[in-house]
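J.: Structure here, sequence nowhere to be found:
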């Protein structure tokens, strides 16, 4: 009986801790969602005909949402990853493949050596036109 009362008392003390932790988890999940959106991991639908996989789409979204600014390799890796960290070589491979797919459309991804990547204004305009249903070339 005493043992049961002791366990019940401990349970009552732990309950507020669990609620605090649940609230904190919810807060952190919302922060992650907002950061993913800022990095471009969500939104901005590209034409299906471009045949981009999910990681290429995430990278292009991030670059597109950056506007006149560049994205660091770390930012692009976070935008493109699916749970696991993206290795530097895998990111390079994704960017290379993405460049090859976009080049025939007139879209370029420029490198800012030592910093990251960006989409020139002309490339963003081509993407804007394609998303409005106009020709991508």
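T.: That came through fine. It should be emphasised that the depicted structure is a prediction, and the values quoted were computed from it without experimental measurement.

J.: Show me what the helix or strand containing residue 89 is packed against.
T.: Using DSSP states H and E, residue 89 sits in helix 88-102. In terms of contacts (3 or more Cβ pairs under 8 Å, 6 or more residues apart in numbering; DSSP states H and E), helix 88-102 is packed against helix 54-65, helix 73-80. Yep, even glycine has a C-beta here, placed from its N, CA and C like the rest.

J.: Relative to residue 128, which of those helices is closest?
T.: helix 54-65 (9.0 Å; Cβ to Cβ).

J.: Give me the buried stretch members for that closest one, please.
T.: For helix 54-65, a neighbour-count test (16 or more other Cβ atoms under 10 Å) marks 55, 56, 57, 58, 59, 60, 61, 62, 63, 64, 65 as buried.

J.: where in the chain is pLDDT low?
T.: Counting by pLDDT under 70, the chain shows low-confidence ranges at 1-15, 33-44, 82-84, 134-137.

J.: just the strands in this protein please.
T.: 71-72, 110-112, 116-118 (DSSP state E).

J.: Need the winner for burial among the ones you listed.
T.: strand 116-118 (a mean of 20; mean count of other Cβ atoms under 10 Å).

J.: Show me the contact partners of that one.
T.: Identification of contacts with strand 116-118 by Cβ atoms under 8 Å, 6 or more residues apart in numbering yields 63, 66, 68-73, 75-76, 95, 109-112.

J.: quick one: which of those is nearest residue 28?
T.: Among these, and counting by Cβ to Cβ, the member closest to residue 28 is residue 75, at 19.1 Å.

J.: residues near the closest one, how many?
T.: 20 (other Cβ atoms under 10 Å).

J.: so it makes contact with residue 62?
T.: Yes: counting by Cβ atoms under 8 Å, residue 75 touches residue 62, with 6.5 Å between them.

J.: picking that back up, buried sites along the helix holding residue 89?
T.: The neighbour-count check on helix 88-102 (16+ other Cβ under 10 Å) flags 91, 94, 95, 98, 99, 101, 102 as buried.

J.: dump the residue contacts of the nearest residue to the fourth one once chain neighbours are set aside.
T.: Nearest-residue entry for residue 98: residue 56, 4.7 Å, with adjacent residues in sequence omitted and distances by Cβ to Cβ, 6 or more residues apart in numbering. Residues in contact with residue 56, defined by Cβ under 8 Å, 6+ apart, are 80, 94, 97, 98, 101.
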